[in-house]
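Q: What follows is a predicted protein model with its sequence.
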Amino acid sequence: MRHLAVFLVMLALAGPAAAQQNGGGNDDGDNGGGGRPLGFPMLPGAYGDGGGEGATTGEGRPDFPLPRLKAPLVNYRQQMRTIVDELAFYASKRDPGFLILADDGLGLVTRTEGEAMLMQLKKRQMGVKWPVKPETGRVQWPYVRNLDGLMLARLFCGRPAFNKRTPQDDRKWRLALLDRVGDYLTRNLTVERCDKPPLVDDAYAMADERGLLPYVATREGALDFLPDYPESPVGVNPAPVRNLDQAENLLVHLDSNPYPSKREWIRALADTDYDVLVLDGFFHGVDALTEEEIDRLQTKKMGARRLVFLRISVGYAKRYRYYFKNKWKPGNPSWLLNPVPDRPETHGVAFWQTGWKKIVGKFFKGAIDLGYDGVLLDDLDAWRPFQKEAIRIARKAIEKAKKKAAGKKPEKDEGQPMKIRPFTIP
């Protein structure tokens with residue numbers, strides 16, 4: 001019944017094909033997580049959820065009375081997983097063969113210590129006096145099984161900088177996590193950043209050895225070009241490709257600005273033999289590909305079928321997109337936050353709110369209606385700064401409770417409101 005309800009909600013969300021609309025989202029004032037508008041502020045540059053150990057014993061039972069917080073507790077990681085769950089369920093009813101890739105989605109694969117702490121405090125808030133802390137490190141299988149693949153960045157080259165070989169330690173933990181879930185995903189992809197032929201060749205070879213589908217971007221900055229090296233796709237494949245496990249090569253092309261006309265952009269892409277194209281889908285960000293144009297791009301230069309994916313940002317709103325209204329400003333609609341520093345046309349969003357989820361739902365439905373083979377869900381790591389702030393507040397409350405249980409006087413709380421930071425309502 002839950003899935004049926006989700007499906008009906010998604011049907012209600014989805015209007016005409018998103019890419020053909022010029023309208024906007026629905027500002028319904030929903031606060032999603034509840035409590036105060038916009039939840040916790042978004043802290044730029046924050047990564048990881050900050051841990052949260054020390055509140056429980058080894059068995060997961062609290063070793064002192066946990067606080068029962070009045071403010072709403074939101075697990076933003078799970079909120080992002082829920083978006084993927086809802087979209088995947090809708091796709092399964094519309095087109096079971098529709099493919100879903102996740103960019104920036106590796107951080108959602110397992111439950112972290114900080115996430116478990118929030119879940120434990122939520123149980124306490126709901127009246128459980130001695131809530132057990134959930135197991136950490138557990139793979140979140142519903143999320144994983146709703147995906148066909150994960151897209152990683154700079155796994156073999158490009159980190160810490162362009163044309164640098166990615167350190168072994170940085171690569172090792174990500175590959176280990178992929179190994180845990182690899183059997184449940186059709187194919188994982190990677191985007192590398194280097195142009196020195198030895199590095200490029202090594203990146204392709206190492207990706208192939210791991211069963212990954214790689215794209216090596218041979219320039220820094222926007223993915224708005226065709227690779228300079230090699231001249232032809234690695235492993236040119238004359239066979240038709242209808243699923244990711246049949247693909248031999250990949251092109252990720254997310255910016256059409258260098259092309260003076262839509263016709264020239266489409267011609268350049270059509271004149272390639274890549275098995276998989278991942279595209280922004282809007283010429284210069286505003287002119288959507290039509291059904292006929294997508295159909296043309298689904299044929300390689302040599303004539304065989306290939307896959308074409310549409311990139312959809314789940315974690316940010318773009319002022320130039322079809323859904324954005326000129327009258328909108330941070331806080332109106334309630335899910336819209338301030339622009340990202342140095343990117344004035346990109347706004348943070350309270351992604352868990354219904355108003356924003358409706359926009360994503362329409363965008364997603366449009367991809368299916370127009371005949372794309374699948375989508376790349378982008379910016380799935382937008383939960384990180386929200387979660388970091390939620391955990392900071394929760395950990396502070398736990399520390400106070402621990403000192404109280406030990407008979408110590410807690411440090412005086414300054415009681416200052418959270419500072420206004422970029423992305424929050426001014």
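A: Yes, it's here. Computed from a predicted model, the values in this text were never measured in an experiment.
Q: From the chain's centroid, how far away is the helix or strand I100 falls within?
A: Secondary structure from DSSP states H and E places I100 in strand 99-103. Relative to its chain's centre, strand 99-103 lies at 9 Å (CA atoms, centre = their mean, to the nearest Å).
Q: now what about that strand, what contacts it?
A: With contact meaning CB atoms under 8 Å, 6 or more residues apart in numbering, strand 99-103 is reached by 84, 87-88, 91, 108, 146-151, 153, 186, 189, 243-244, 278, 307, 309, 311, 373-380. (Glycine included, C-beta is placed from N, CA and C.)
Q: need the strands for the stretch 251-400 of the chain, in chain order.
A: 276-279, 282-283, 287-288, 307-313, 316-318, 336-340, 343-349, 374-378 (DSSP state E, counting those that start in this stretch).
Q: nope, the stretch 51-200 of the chain is what I was after
A: 99-103, 149-153, 189-193.
Q: Give me the contact list for stretch 283-295.
A: Stretch 283-295 is touched from outside by 19-20, 256-257, 259, 262, 265-266, 279, 281-282, 297, 308, 318, 320-322, 370-372, with contacts defined as CB under 8 Å, 6+ apart.
Q: What is the end-to-end distance of it?
A: 16 Å (CA to CA, to the nearest Å).
Q: Tell me how far that stretch lies from the chain's centre.
A: How far stretch 283-295 lies from its chain's middle: 23 Å, per CA atoms, centre = their mean.
Q: what comes up buried for it?
A: The neighbour-count check on stretch 283-295 (16 or more other CB atoms under 10 Å) flags F283, G285, A288, L289, E293, I294 as buried.
Q: and which of those residues is nearest to K362?
A: The shortest approach to K362 among the buried residues of stretch 283-295 belongs to A288, at 12.6 Å (CB to CB).
Q: The closest one bridge partners, please.
A: With DSSP bridges as the criterion, A288 is bridged to F282.
Q: coming back round to it: out of the contacts of stretch 283-295, which end up buried?
A: With neighbours counted by 16+ other CB under 10 Å, the contacts of stretch 283-295 contain buried members at 19, 256, 259, 262, 265-266, 279, 281-282, 297, 308, 318, 321-322, 370-372.
Q: In helices, which of the residues you listed fall?
A: Residues of the buried ones among the contacts of stretch 283-295 located in helices (DSSP state H): K262, W265, I266, L297.
Q: phi, psi of P160?
A: phi -90, psi 0 (degrees, to the nearest 10).
Q: Run a quick neighbour tally on it.
A: If you count neighbours by other CB atoms under 10 Å, P160 ends up with 9.
Q: do the same with R296
A: For R296, the count of nearby residues is 15 (other CB under 10 Å).
Q: what does G97 give?
A: For G97, the neighbour count with other CB under 10 Å is 11.
Q: same deal with Q168?
A: Other residues near Q168 come to 8 when the count uses other CB under 10 Å.
Q: now it: how far from L155?
A: To L155, Q168 is 11 Å away according to CB to CB, to the nearest Å.
Q: who are the neighbours in contact with the residue nearest the centre of the chain?
A: Central residue check for the chain by CA atoms, centre = their mean: the C-alpha nearest the mean position is that of L380, 1.6 Å away. By CB under 8 Å, 6+ apart, L380 lies in contact with M80, V84, A102, D103, D104, G105, G107, L108, V314, G315.
Q: repeat that for 6 Å
A: Listed by CB atoms under 6 Å, 6 or more residues apart in numbering, the contact partners of L380 are M80, A102, D104, G105, V314.
Q: can you check E192 too?
A: F156, C157, G158, A203, V216.
Q: Include pLDDT, neighbour count and distance to V132 when you put those into JSON lines, please.
A: Shown next, in JSON lines, are these (pLDDT from 0 to 100; neighbours: other CB atoms under 10 Å; distance: CB to CB, whole Å):
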{"residue": "F156", "pLDDT": "98", "neighbour count": "25", "distance to V132": "41"}
{"residue": "C157", "pLDDT": "98", "neighbour count": "24", "distance to V132": "44"}
{"residue": "G158", "pLDDT": "97", "neighbour count": "22", "distance to V132": "42"}
{"residue": "A203", "pLDDT": "98", "neighbour count": "26", "distance to V132": "44"}
{"residue": "V216", "pLDDT": "98", "neighbour count": "25", "distance to V132": "47"}
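Q: Helices - which of those land there?
A: Among the contacts of E192, the ones falling in helices (DSSP H) are A203.
Q: which parts of the longest helix seen in the chain are buried?
A: In the chain, assigned by DSSP H, the helix with the most residues is helix 383-405. Going by neighbour count (16+ other CB under 10 Å), the buried part of helix 383-405 is 383-395, 397-398, 401-402.
Q: now do stretch 225-245
A: P227, P233, V234, N237, V241, L244.
Q: For it, which outside residues touch it?
A: Applying CB under 6 Å, 6+ apart, the external contacts of stretch 225-245 come out as 149, 186-187, 197, 200, 204, 218-219, 247-249, 273-275, 302, 304-307.
Q: Just the buried residues of the residues you listed.
A: Buried among these (16+ other CB under 10 Å): 149, 186-187, 200, 204, 218, 247-249, 273-275, 306-307.
Q: Adding distance to N163, write those out as TSV.
A: Shown next, in TSV, are the buried ones among the contacts of stretch 225-245 (distance: CB to CB, whole Å):
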residue	distance to N163
G149	26
T186	31
R187	27
V200	10
Y204	15
T218	10
A247	26
E248	25
N249	21
D273	26
Y274	23
D275	26
R306	29
L307	29
